Every structure is written in C-alpha cells, then in structure tokens.
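Asker: One predicted model, sequence on top.
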Amino acid sequence: MLHGAARLTGGAITWACPIQEARRQQAFVFQRPIMLRRTVEHNLIYPLVIRGTSRRDARARAGQWAEKVGLDGMLDRQASILSGGEQQKLALARALITDPRLVFLDEPCSSLDGRATREIEEILRAAKAQGTRLIMSTHDMGQARRLADQVLFLLRGKVHEKGEAPEFFEGPATSQARAFLKGDIVE
C-alpha cells in the first residue's frame, strides 16, 4: 500500500509532496530478489537510466555501488547466476543507487545464511547512516533488535502496538507482544 505493492481497501495515505515525487524518493526490496535478465552492471544501471542519468554516469555509479556491496569484479556476470546473498546485495544496491529517502524492505534476509545476513545488515546500517529511512518487515527478532529504532507490532493486519525499539523489546505493553517476543504463536 505504501509503495504501491497493494491497493488500499479503506482509508487514505497522504504524502508531504506530490505522489510522483514521493514515488521517486522511495525504493522497495523484496524478500526474494527480482533480477533483470541481464548482467549485474545492467541491473544497477537500469534505475538510473530510466531517471535520465547518462549511460556513462550510470556506469560509473554502478561500479561504485558494486564495490560498496561487495560485488565488484562481478559486473559482467549474469544476475540470475548469483547466489541468494549476492542477489539480495544487488537488489539493495539497485534500490539505493538512486539515493532514495525511504526504502521499504520485506524480510530481506529471510532465506540467507548468517554471513550473508551480516553483510546485508551492514549495507542497511550504512544506508541509515547516510540518512535513508528504512521500513522493514521481519519476523527475526534478533535482526529487529539490531536494526530497529522504532517498532510497529502488527496483529491481524493492524498496528497492535508501537514504540521506540528499546522500550518495545524491554517491556512490551500488550500481552500479545510479550507472547510474540517469547516465541509463542500469536493469533
């Protein structure tokens, strides 16, 4: 809904700027990366070129971003043959290369091993340090504790509890949130 991934069934979303500008300031990273059937370089160039960046400048930025996420030396590889962690790093770089103010992430590390998860989290921390706002869904409470500033606990599709991350993890206000943090199944 927020990034156009689903349609609203009620209510409204109000942006502080025109909707087209809001969309240009956002990016989305899926749980399972979606790769263009092209090289790593072309996957990185694409979002820049469609925004009017010259191919020369886009190529230069693609090289910089490949290096930032540890994919330098892979620019000529087909994106589809990368490992899951490499594909997710490419998806993150492709989202961040446009300098969005806001990035939505849907379980970005759900099927990754510990090393790949650590690498993805480092990229996310660097993006946060540069001023990019991250909105991430996760069931990984360890990851939420490591990365979150604020928490929205959703139950049955609605915000059930919200607050600053330290307070939420130290003492959630609702019995459902406490049960969830203990590892119980909450319905």
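Answerer: Received it, and whenever you're ready, just let me know what you need. Note that the coordinates shown come from a computational prediction; the quantities given were computed from them, not determined experimentally.
Asker: Could you list the residues in contact with the longest helix along the chain?
Answerer: Identified as the longest helix of the chain according to DSSP state H is helix 114-129. Helix 114-129 is contacted from outside by 68-70, 83-85, 88-89, 92-93, 96, 103, 105, 108-109, 112, 134, 136, 143, 146-147, using CB atoms under 8 Å, 6 or more residues apart in numbering. Every C-beta, even on glycine, is put in place using the N, C-alpha and C of the backbone.
Asker: make it 7 Å
Answerer: Applying CB atoms under 7 Å, 6 or more residues apart in numbering, the external contacts of helix 114-129 come out as 69-70, 84-85, 88-89, 92, 96, 103, 108-109, 112, 134, 143, 146-147.
Asker: Which of those fall within helices?
Answerer: Short answer: the contacts of helix 114-129 in helices (DSSP H) are 84, 85, 88, 89, 92, 96, 143, 146, 147.
Asker: roughly how far apart are the second one and residue 100?
Answerer: In this case it means residue 85. Using CB to CB, to the nearest Å, we find residue 85 at a distance of 22 Å from residue 100.
Asker: CA-only coordinates of stretch 127-137 in PDB, if you can.
Answerer: The C-alpha coordinates for stretch 127-137 follow below in PDB (Å, rounded to 0.1, in the frame of the first residue of the first chain):
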ATOM      1  CA  ALA A 127      22.300   3.400   4.300                       C
ATOM      2  CA  LYS A 128      20.800   4.500   7.700                       C
ATOM      3  CA  ALA A 129      24.000   6.400   8.500                       C
ATOM      4  CA  GLN A 130      23.600   8.300   5.200                       C
ATOM      5  CA  GLY A 131      20.100   9.400   6.100                       C
ATOM      6  CA  THR A 132      18.000   6.800   4.300                       C
ATOM      7  CA  ARG A 133      14.900   5.800   6.300                       C
ATOM      8  CA  LEU A 134      14.200   2.100   6.300                       C
ATOM      9  CA  ILE A 135      10.900   0.500   6.800                       C
ATOM     10  CA  MET A 136      11.300  -3.200   7.200                       C
ATOM     11  CA  SER A 137       9.100  -6.200   7.900                       C
END
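Asker: Would you mark the buried spots in that stretch?
Answerer: 127, 132, 134, 136 (16 or more other CB atoms under 10 Å).
Asker: what do you get for stretch 33-53?
Answerer: So, applying 16+ other CB under 10 Å, buried residues of stretch 33-53: 33, 35-36, 39-48, 53.
Asker: Now pLDDT and secondary structure too, for the residues you listed, in JSON lines please.
Answerer: JSON lines is the format used below for the buried residues of stretch 33-53 (pLDDT from 0 to 100; DSSP: H, G, I helix; E, B strand; the rest coil):
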{"residue": "33", "pLDDT": "92", "secondary structure": "coil"}
{"residue": "35", "pLDDT": "95", "secondary structure": "coil"}
{"residue": "36", "pLDDT": "95", "secondary structure": "coil"}
{"residue": "39", "pLDDT": "98", "secondary structure": "strand"}
{"residue": "40", "pLDDT": "98", "secondary structure": "helix"}
{"residue": "41", "pLDDT": "98", "secondary structure": "helix"}
{"residue": "42", "pLDDT": "98", "secondary structure": "helix"}
{"residue": "43", "pLDDT": "98", "secondary structure": "helix"}
{"residue": "44", "pLDDT": "98", "secondary structure": "helix"}
{"residue": "45", "pLDDT": "98", "secondary structure": "helix"}
{"residue": "46", "pLDDT": "97", "secondary structure": "helix"}
{"residue": "47", "pLDDT": "97", "secondary structure": "helix"}
{"residue": "48", "pLDDT": "98", "secondary structure": "helix"}
{"residue": "53", "pLDDT": "97", "secondary structure": "coil"}
